[in-house]
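Trainee: how would this look folded up:
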Amino acid sequence: MKNTLSVENIQQDVLATIDEMREEIIQLASNMVKIPSVNPNYDGVNKAEVIGGEKNVQLFLKPIFEGICDEVDMWEVEEQRPNLVGRMKGSGNGGKSLIFNGHIDVVPPGPNSDWKFNDPFSGRVEDGRLYGRGACDMKGGIAAQIMAAKALKKLGVQLKGDLLLETVVGEETMDHELGVTATVERGYTADAAIVSEPSGPPQSLAVVPVSPGVIRMHITVKGKTTHASVRREFIRAGGKHGEVGINAVEKGMYIVQALQQLEDEWGFTKKHELFEPGHFSIHPGIIHGKSYDVDLPFVVSDYCTIQYAVWHHPKETFEEVKAEILGHVERAVQNDLWLRNNPPEVEFLLHWPAFDVAVDHPIVQATSRAHKEATGEEATVHGFVAVADAAFLNAKGIPSIIYGPGSILVAHAANEYVLVEDLIKAAKTYALTAIDWCGIDGL
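Mentor: This is a model prediction of the structure:
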């Protein structure tokens, strides 16, 4: 390390070093994207075809970790799906420890023809964008974190507190017990953590201390099948109604409309200063209904299932949201003759918890200061539009926030990309945050 006598001089050395490492940062992110690592537990994925992709990424990263960290640990909770943790040991002379965390599993890419270069894992750069599945969510952020640590190592910066690098599996399908939670249970804890998920929208490289929770919910409505030509009997006044038949699809639509009313109410009643109005929502993502025996419109549907993603306020618990939804559905049911006697089945299949770190928490403030020093711009603080592993780190008592390059608007989409300039800015911010948070030995 150069003969520097102040934190400010070391910070400037780090920024200059990361600028010199620009091509190395881009290349690392590109190489990671080129290794397909589709989550094998994703709905509709042939597990046998993709299993081991995550391991290939970790095997690629392991020697890089070994060149940076004092200790490296790779292990599997589920076969062929290892986690990787590296520790840069602090001096122990005070200072706080920090985790840089990211997940290496990605969602399925879809058809090659939907992608630039006819390749979802191209890792190619064009017009300042690095393309490929996982570029934004979230291999770009991971590459920036690794290179931030490498810059500190290269300069010989001795932090007071430990800095941990974590790349985990299972985030996309909430298999946190296999990934991020497994790291904590293995003993990898710290005074704070930064998860490098893409911060946007509305802005990439924002400091994100809060997320909503999300619930996966299925509502199934029962109908009564008959010939579609006698529709008048069960929809017109004076007809025989349920004695003849009931279209489950239309009763499902009735439930959808009822929950849209509740969603509209949430736009006024569920407010948070770090989220845009109306963010908390009840999304009917999949609707499927027909006759169990016949897939034709000439037969009246006897079932309809609506699959929902419910994004709820971070201050509310799963039980509170569940009770509100069930109460609203029940009131709607009581206003419908068929549904009163044939109530829908409501299933709550998954709950991804919210996280909520105070805006004035020291890790929020340290990251905000680092962002300003790295970019010359004041940090924007806002809520995360989706959910992330930060929730499970917080649940284990590790104050954890999100800060990363990219936007959820392009994650999971064809032609996913991350801006190259954001990778460099992110690496600088991560390095400066580590200096601020962990402290420098001797200073």
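Trainee: ok, residues contacting the lengthiest helix in the chain?
Mentor: The residue-count maximum for a helix in the chain (DSSP state H) belongs to helix 248-269. With C-beta atoms under 8 Å, 6 or more residues apart in numbering as the test, helix 248-269 has contacts from 219, 221-223, 235, 277-278, 280-282, 284, 287, 289-290, 301-306, 308, 324-325, 328-329, 332, 336, 338-339, 344. Placement of C-beta: from N, CA and C, glycine included.
Trainee: now whichever strand or helix holds residue 304, how far from the centre of its chain.
Mentor: Residue 304 belongs to strand 303-312 when elements are defined using DSSP states H and E. For strand 303-312, the distance from its own C-alpha centre to the chain's C-alpha centre is 20 Å (C-alpha atoms, centre = their mean, to the nearest Å).
Trainee: average model confidence for that strand?
Mentor: Mean pLDDT, strand 303-312: 98.
Trainee: repeat for stretch 257-268
Mentor: Mean predicted lDDT for stretch 257-268 stands at 97.
Trainee: got a pLDDT number for residue 295?
Mentor: Note on residue 295: pLDDT of 87.
Trainee: For it, give its distance to residue 322.
Mentor: 33 Å (C-beta to C-beta, to the nearest Å).
Trainee: which outside residues touch the worst-scoring helix or strand of the chain on mean pLDDT?
Mentor: Ranked by mean pLDDT, DSSP states H and E, the helix or strand of the chain with the weakest confidence is helix 231-235, at a mean of 91. Helix 231-235 is touched from outside by 226, 239, 240, 241, 242, 244, 245, 246, 247, 250, 300, with contacts defined as C-beta under 8 Å, 6+ apart.
Trainee: Apart from its neighbours in sequence, what residue is nearest the first one?
Mentor: Counting by C-beta to C-beta, 6 or more residues apart in numbering, residue 226 lies nearest to residue 245, which is 3.2 Å off, once chain neighbours are set aside.
Trainee: thinking the one you found is in contact with residue 222, fair?
Mentor: No - between residue 245 and residue 222 there is no contact, the gap being 11.9 Å when judged by C-beta atoms under 8 Å.
Trainee: Just want to know which of these two has more residues nearby.
Mentor: Applying other C-beta atoms under 10 Å to residue 245 and residue 222 shows that residue 245 carries more neighbours, namely 23 against 17.
Trainee: contacting residues around the more buried one?
Mentor: 223, 224, 225, 226, 227, 230, 233, 234, 300.
Trainee: So residue 295 and residue 322 - more neighbours on which side?
Mentor: Between residue 295 and residue 322, counted using other C-beta under 10 Å, the more crowded position is residue 322 (18 against 8).
Trainee: what's the helix or strand for the more buried one?
Mentor: Per DSSP H and E: helix 318-333 holds residue 322.
Trainee: In terms of secondary structure, what does that helix contact?
Mentor: strand 213-222, helix 248-269, strand 303-312, helix 337-341, strand 345-352 (3 or more C-beta pairs under 8 Å, 6 or more residues apart in numbering; DSSP states H and E).
Trainee: Which of the ones you listed sits closest to residue 99?
Mentor: Closest to residue 99 of the helices and strands packed on helix 318-333 is strand 345-352 (C-beta to C-beta; 19.8 Å).
Trainee: Report the buried residues of that closest one.
Mentor: Buried residues in strand 345-352, defined by neighbour count with 16 or more other C-beta atoms under 10 Å: 346, 348, 351, 352.
Trainee: Stretch 127-135 too?
Mentor: So stretch 127-135, judged by 16+ other C-beta under 10 Å, has buried residues 129, 130, 131, 132, 133, 134, 135.
Trainee: Endpoint to endpoint, it covers what distance?
Mentor: 15 Å (C-alpha to C-alpha, to the nearest Å).
Trainee: Quick one: mean pLDDT over that stretch.
Mentor: Computed over stretch 127-135, the average pLDDT equals 98.
Trainee: does residue 418 really touch residue 129, like I thought?
Mentor: Yes - between residue 418 and residue 129 a contact is recorded at 7.1 Å, counting by C-beta under 8 Å.
Trainee: so where do the helices sit in this protein?
Mentor: Under DSSP H, the chain gives helices at 7-20, 22-33, 47-50, 53-68, 140-155, 180-185, 231-235, 248-269, 318-333, 337-341, 362-375, 390-395, 420-438.
Trainee: In TSV, list those helices along with distance to residue 200.
Mentor: What follows is the helices of the chain, written out as TSV (distance: least, C-beta to C-beta, whole Å):
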stretch	distance to residue 200
helix 7-20	21
helix 22-33	17
helix 47-50	28
helix 53-68	24
helix 140-155	12
helix 180-185	22
helix 231-235	46
helix 248-269	22
helix 318-333	26
helix 337-341	41
helix 362-375	14
helix 390-395	16
helix 420-438	9
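Trainee: what bits of this structure have low per-residue confidence?
Mentor: 1-5 (pLDDT under 70).
Trainee: for stretch 402-418, which positions count as buried?
Mentor: For stretch 402-418, by 16+ other C-beta under 10 Å, it's 402-408, 410-412, 416-418.
Trainee: ok, back up a step: let me know the closest of the buried residues of stretch 127-135 to residue 82.
Mentor: Closest approach to residue 82 among these (C-beta to C-beta): residue 134, at 17.0 Å.
Trainee: does the closest residue to that closest one other than its chain neighbours have beta-bridge partners, and which?
Mentor: Closest residue to residue 134 apart from its sequence neighbours, by C-beta to C-beta, 6+ apart: residue 106 at 4.0 Å. On the basis of DSSP bridges, residue 106 is bridged to residue 38.
Trainee: could you list every residue that touches residue 106?
Mentor: 36, 37, 38, 39, 133, 134, 137, 139, 172.
Trainee: how close does the fifth one sit to residue 41?
Mentor: Remark: distance between residue 133 and residue 41 (C-beta to C-beta) = 17 Å.
Trainee: gap between residue 309 and residue 57?
Mentor: Going from residue 309 to residue 57 by C-beta to C-beta gives 27 Å.
Trainee: Which one's more surrounded, these two?
Mentor: residue 57 (26 against 16).
Trainee: which residue is nearest the centroid of the protein?
Mentor: residue 388 (3.7 Å; C-alpha atoms, centre = their mean).
Trainee: Buried residues in the least confident helix or strand of the chain, which are they?
Mentor: By neighbour count on 16+ other C-beta under 10 Å, the buried set for helix 231-235 is 233, 234.
Trainee: what do you get for stretch 368-385?
Mentor: 368-371, 373-375, 379-385.
Trainee: and what of stretch 25-44?
Mentor: For stretch 25-44, burial by neighbour count (16+ other C-beta under 10 Å) applies to 25-26, 28-41.
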